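J.: following is a predicted model, sequence given first.
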Amino acid sequence: MQLQTQLEELLQKCSPSHLEILNESSGHGGYFPGKESHFKVTIVSDVFQGLRLVQRHQKIYSLVGDLLAPSKIHALAIHAYTHDEWTGERPDSPNCAHAPKHASS
């Protein structure tokens, strides 16, 4: 089973009203088609109500921790919101210093 699918299944335990998982592996060094190493998660759920940012991340890590291993997911960006906080927009990811370089024209 693909890592992205596993990630999605585990995060369903938060009963999200919005869940977006982006595979950002292609923007990082060592990329090849099908690689799953870097993900960005945007999740909206009221299970985050009253939790500080670090507590929200801890909740996510407790669900998906087994996927965070050198042979699996290398990096996971988390954007966790309650329904009241969600504006419909998520922040862009920064460029990776080790991203594949493209020849300039």
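T.: All right, it came through fine. Residues are numbered from 1 along each chain as shown.

J.: okay, CA-based contacts and neighbour counts for the rest of this
T.: Noted.

J.: show me the shaky parts of this structure.
T.: Scanning the chain for pLDDT under 70 picks out the ranges 1, 26-35, 91, 93-105.

J.: determine the longest helix present in this structure.
T.: For the chain, the helix with the greatest residue count under DSSP state H is helix 53-64.

J.: by contact count, what packs against that helix?
T.: On a contact count with 3 or more CA pairs under 8 Å, 6 or more residues apart in numbering; DSSP states H and E, helix 53-64 meets helix 3-11, strand 75-81.

J.: got the angle between the first one and helix 53-64?
T.: So the one you mean is helix 3-11. Per axes from the mean of the first three to the mean of the last three CA atoms, to 10 degrees, the angle that helix 3-11 makes with helix 53-64 is 110 degrees.

J.: what is the end-to-end distance of stretch 22-36?
T.: Its first and final residues considered, stretch 22-36 spans 10 Å by CA to CA, to the nearest Å.

J.: about what we covered before: hmm, who's touching the longest helix of the chain?
T.: For helix 53-64, contacts defined as CA atoms under 8 Å, 6 or more residues apart in numbering pick out 7, 10, 11, 48, 78, 80.

J.: how far does that helix sit from the chain's center?
T.: 12 Å (CA atoms, centre = their mean, to the nearest Å).

J.: and the angle for that helix with strand 75-81?
T.: 120 degrees.

J.: now stretch 5-12: how far from the chain's centre is it?
T.: Here stretch 5-12 is found 11 Å from its chain centre; the criterion is CA atoms, centre = their mean.

J.: run through who's touching it.
T.: 21, 60, 63, 64, 67.

J.: in TSV: those, plus neighbour count and distance to residue 73.
T.: Shown next, in TSV, are these (neighbours: other CA atoms under 10 Å; distance: CA to CA, whole Å):
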residue	neighbour count	distance to residue 73
21	18	13
60	19	14
63	16	14
64	18	10
67	18	6
